[in-house]
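S.K.: Please find the sequence and the predicted model below.
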Amino acid sequence: MPRKPRMYLANIPAHVVQRGNNRDACFFSNDDYLFYLDVLAQGLRRYHVKLHAYCLMTNHVHLLMTPEDVLGISRVMQHIGRRYVQYINLTYKRSGTLWEGRHKASLVDADNYLLKCYRYIEMNPVAASMVDTPEQYRWSSYCWHAWGKPISIISDHSLYDDLGHNSETKQYAYRELFKTQIPDEDLHAINEGLKYNYPLGHERFREQVEIALGRKVGQKQRGRPKARGAAG
């Protein structure tokens, strides 16, 4: 069966997830995380893609990105695939695949879901019981958004910038967002979008995506929302 064409649009954010093969680890030391971020930065610059939020978990990664053209994100992920897998195989004297097939991706209706995706991504270590609070986890963008710790690869979306008139007010407003949980129906929508590579947004957003792509984007599977939590 032929692969479905990858669904990206210029200037539309996408939530991207890539998992280790068989849910196995894809990071084994701090140096691995640092190398991945360096390779990611190279890809972002080369292919003109903006990174808004990220979290590098032990066996998968979350990236929230906006490309300047429809090929940008795919090229970034291909760049990472080549460079990072080569590095891991050489470093740990291994061979074979590292990632579980193709990455998953969901276009994001920014007005309704973008900041929820920021929170979903950066709360992953808490939901996985790795840390008690998101600032305790080193390998995510939370400390930039909430406390202003420099992370050079981040290019924030205008909706984050709209949280305040200066850095301090934006960071305070962002921390306040984390005092409430993401509603179960939104967590379900985020998870379903990633599972089926389906646009995350209201019906009007889906229709706009279909018009822009010139094709139907399929139907999500229906089901009851999962229990509250963001790890995925």
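M.R.: Cool, got the structure.

S.K.: any idea what Gly101 is structurally, helix, strand or coil?
M.R.: coil (DSSP: H, G, I helix; E, B strand; the rest coil).

S.K.: Give me the contact list for the lengthiest helix in the chain.
M.R.: Counting residues, the longest helix in the chain under DSSP state H turns out to be helix 72-91. Contacts to helix 72-91, defined as Cβ atoms under 8 Å, 6 or more residues apart in numbering, come from residues 6, 8, 10, 14, 16, 18, 26, 28, 32, 35-36, 39-40, 42-44, 46-49, 65, 67, 94-99, 103, 105. Any C-beta I mention is one placed from the backbone N, CA and C, and that applies to glycine too.

S.K.: Please state the mean pLDDT value computed over that helix.
M.R.: Mean pLDDT, helix 72-91: 96.

S.K.: And for stretch 103-116?
M.R.: 96.

S.K.: Report how far apart the opening and closing residues of it are.
M.R.: End-to-end distance of stretch 103-116 (Cα to Cα, to the nearest Å): 21 Å.

S.K.: what ranges do the strands span in this protein?
M.R.: Assigned by DSSP state E, the strands in the chain fall at 14-19, 49-56, 60-67, 104-107.

S.K.: and of those, who's closest to Leu200?
M.R.: strand 104-107 (4.7 Å; Cβ to Cβ).

S.K.: if I pick Ile151, what's in contact with it?
M.R.: 141, 143-144.

S.K.: tell me which of those residues is nearest to Glu192?
M.R.: Ser141 (23.5 Å).

S.K.: any idea how far the spatially most central residue of the chain lies from Val17?
M.R.: In the chain, the C-alpha nearest the mean C-alpha coordinate belongs to Leu63, at 2.5 Å (Cα atoms, centre = their mean). For Leu63, the distance to Val17 equals 8 Å [Cβ to Cβ, to the nearest Å].

S.K.: Check His62 too.
M.R.: Following Cβ to Cβ, the distance that separates His62 from Val17 is 6 Å.

S.K.: Who has more neighbours out of the two?
M.R.: His62 (23 against 20; other Cβ atoms under 10 Å).

S.K.: thought that one was touching Tyr54?
M.R.: Yes: shown here, His62 and Tyr54 form a contact pair, counting by Cβ atoms under 8 Å, at 6.3 Å.

S.K.: shared neighbours of the two, anything?
M.R.: Joint contacts of His62 and Tyr54 (Cβ under 8 Å, 6+ apart) are Ile121.

S.K.: Now for Leu9, how many residues are close by?
M.R.: Leu9 has 18 nearby residues by other Cβ under 10 Å.

S.K.: Leaving out sequence neighbours, find the closest residue to it.
M.R.: Leaving aside its sequence neighbours, Leu9 sits nearest to Ala212 (Cβ to Cβ, 6 or more residues apart in numbering; 5.4 Å).

S.K.: wait, that neighbour sits on Tyr8?
M.R.: No: counting by Cβ under 8 Å, Ala212 stays clear of Tyr8, with 10.3 Å between them.

S.K.: Which of these two has more residues huddled nearby?
M.R.: Neighbours were counted for Ala212 and for Tyr8 using other Cβ under 10 Å; Tyr8 has more, 21 against 14.
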